[in-house]
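Asks: Next come a sequence and a model predicted from it.
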Amino acid sequence: MTAGGTYRPSWHGEDTEALASLTTAFMRKEFVPHRERFEEQQHVDRELWRSAGEHGLLCCAVPIEFGGPGGELVHDLAVLEAHTRMADATWGNMVHSGIVSHYILAFGTEEQKHRWLPGMVAGDLVAAIAMTEPGTGSDLQAITTRAKREGTEYVINGAKTFISNGYLADLVIVVASTDPAAGHRGISLIVVETAGCPGFSRGRMLRKLGSHSADTSELFFDDVRVPATNLLGGEEGRGFVQLMEQLPQERLLIGLQAAGMTALALEETIAYTKSRQAFGRSVFDNQNTQFVLAEAATKADAARVFLDWCIGRHLAGQLTAATAAQCKWLLTEVLCEVVDQCLQLFGGYGYMTEYPIARLYADARATKIFGGTNEIMRQVIAKSL
């Protein structure tokens with residue numbers, strides 16, 4: 001905790017801390033030296049995924065029988081937290097390991113788990129989930145992508161945008177309507193294996209305000225044919241329910257990412273203000289600096305405790321959608337507020353991209369948008385009151 005003392009979340013243990021240390025070492029060796037190149041090309045190298053798989057950093061919760069390390073969700077959380085604290089909110093492992101693998105684990109048939117999870121664990125298959133469309137945003141019920149059953153196949157037509165891992169994705173869970181007349185009850189999740197897939201194409205690599213090394217793309221489906229066995233779970237019309245069941249976990253992951261970014265912003269700023277001299281004393285010695293950092297640290301610590309409480313509830317199977325929305329809203333709002341205040345204390349240097357605080361500032365803004373905008377979070381919370 002920034003305010004001092006010893007704080008250990010209830011979900012932390014010797015195994016998660018060892019995994020976090022391994023992740024930190026991996027990021028220092030495999031990611032940080034190549035950061036500028038990754039940002040320029042707007043995606044990490046495929047070799048990074050395979051190396052992460054070799055180090056046991058992908059899909060930690062996948063059981064041994066499906067090629068995984070046999071861990072739990074807390075191990076995926078430990079990896080995410082550690083690489084976020086390395087000033088990286090861009091590598092798409094959160095989507096790959098924290099989201100897609102858990103969709104397959106929760107809803108996939110035994111055949112689907114055996115077919116897809118080993119490759120994801122190894123980093124040979126990069127995974128994505130395609131929800132958002134150019135005209136729908138957070139309104140999942142309004143999707144226009146269609147999947148029509150023809151014999152033993154589904155024929156998919158539509159377009160998706162803002163898809164994390166889209167450029168490298170070998171495996172895409174596509175949110176599509178299999179029965180447009182049924183509304184949200186006609187939504188299904190269908191897995192598209194992109195290699196040599198006629199009709200599947202990737203659009204432009206999307207240039208973003210921040211998260212420059214994040215692989216974010218448009219995806220297009222023009223009469224894409226996939227086997228009917230690629231219907232996740234094997235039952236049509238279950239997609240919306242599946243999404244609603246998994247979105248609380250996604251929002252927890254975003255909260256954890258935000259907490260790591262907030263903590264890093266404070267660490268960098270405290271160190272900088274104590275070393276930076278102005279008017280004969282350190283910037284930290286100014287009362288305004290101390291007051292700003294005191295308030296920021298208190299908000300960050302309070303939000304972090306709430307996050308860890310939410311994680312505990314989730315691990316016990318007791319986290320509600322509304323509480324997950326509160327977590328996502330609070331942690332991302334605190335992040336953006338704190339990062340803005342911290343950048344100000346850097347003065348002109350805070351605006352220079354060579355300083356981590358500038359990268360954090362640009363990366364932070366998206367957290368209030370993805371995973372459901374914070375406006376949607378407020379609506380979810382309000383419905384529970």
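Replies: That came through fine.
Asks: Okay, domains of the chain per the record?
Replies: 14-125, 129-237, 241-383 (automatic domain parsing).
Asks: tell me which residues in stretch 348-356 are buried?
Replies: Applying a neighbour-count criterion of 16 or more other Cβ atoms under 10 Å, one finds 350, 355-356 buried in stretch 348-356. C-betas here are computed from N, CA, C, even on glycine.
Asks: for stretch 38-54, that is, sorry about that
Replies: In terms of neighbour count (16+ other Cβ under 10 Å), stretch 38-54 has its buried residues at 38-39, 42-44, 48-49, 51-53.
Asks: do the same with stretch 372-384
Replies: For stretch 372-384, a neighbour-count test (16+ other Cβ under 10 Å) marks 372, 374, 376-377, 380-381 as buried.
Asks: Three-state assignment for the residue positioned nearest the centre of the chain, please.
Replies: The residue lying closest to the centre of the chain (Cα atoms, centre = their mean) is Met94, at 4.0 Å. When classified by DSSP: H, G, I helix; E, B strand; the rest coil, Met94 comes out as helix.
Asks: you'd agree it is up against Gln257?
Replies: Yes: judged on Cβ atoms under 8 Å, Met94 makes contact with Gln257 at a distance of 6.6 Å.
Asks: Pull up the overlap in contacts between the two.
Replies: Leu80 (Cβ atoms under 8 Å, 6 or more residues apart in numbering).
Asks: From Ile270, how far out is the residue nearest to the centre of the chain?
Replies: Distance, Met94 to Ile270, by Cβ to Cβ, to the nearest Å: 27 Å.
Asks: and what of Asp76?
Replies: Asp76 is 29 Å from Ile270, by Cβ to Cβ.
Asks: for Glu375, same thing?
Replies: For Glu375 relative to Ile270 (Cβ to Cβ), the value is 32 Å.
Asks: try Gly183
Replies: With Cβ to Cβ as the criterion, Gly183 and Ile270 are 51 Å apart.
Asks: neighbour-wise, which of those two wins?
Replies: Using other Cβ atoms under 10 Å as the criterion, Gly183 and Ile270 rank with Ile270 on top: 18 against 12.
Asks: Could you pull up the contacting residues of that one?
Replies: 2, 284, 293.
Asks: Looking at this structure, which helix is longest?
Replies: Longest helix in the chain by number of residues, with DSSP state H as the criterion: helix 239-275.
Asks: In that one, which residues are buried?
Replies: So helix 239-275, judged by 16+ other Cβ under 10 Å, has buried residues 239-240, 242-243, 246-266, 268-270, 272-273.
Asks: just stretch 25-38 next, same as before
Replies: For stretch 25-38, by 16+ other Cβ under 10 Å, it's 26-27, 30-31, 34-35, 38.
Asks: follow-up on the earlier one: tell me the two of the buried residues of stretch 38-54 that are most distant?
Replies: Farthest-apart pair in the buried residues of stretch 38-54 is Glu39 and Gly53; separation 22.8 Å (Cβ to Cβ).
Asks: so which strand or helix has the nearest residue to Ser384 once chain neighbours are set aside?
Replies: Leaving aside its chain neighbours, Ser384 sits nearest to Ala322 (3.6 Å; criterion: Cβ to Cβ, 6 or more residues apart in numbering). If you go by DSSP states H and E, Ala322 is part of helix 321-346.
Asks: what packs against the helix or strand that comes right after that helix?
Replies: With elements assigned by DSSP H and E, the helix or strand that comes after helix 321-346 is helix 356-364. The elements that helix 356-364 packs onto, with contact taken as 3 or more Cβ pairs under 8 Å, 6 or more residues apart in numbering; DSSP states H and E, are helix 239-275, helix 321-346.
Asks: Name the strands paired with the following helix or strand past the longest one and say parallel or antiparallel.
Replies: Along the chain past helix 239-275, the next helix or strand (assigned with DSSP H and E) turns out to be strand 277-278. Strand partners for strand 277-278, identified by DSSP bridges, are recorded as strand 281-282 (antiparallel).
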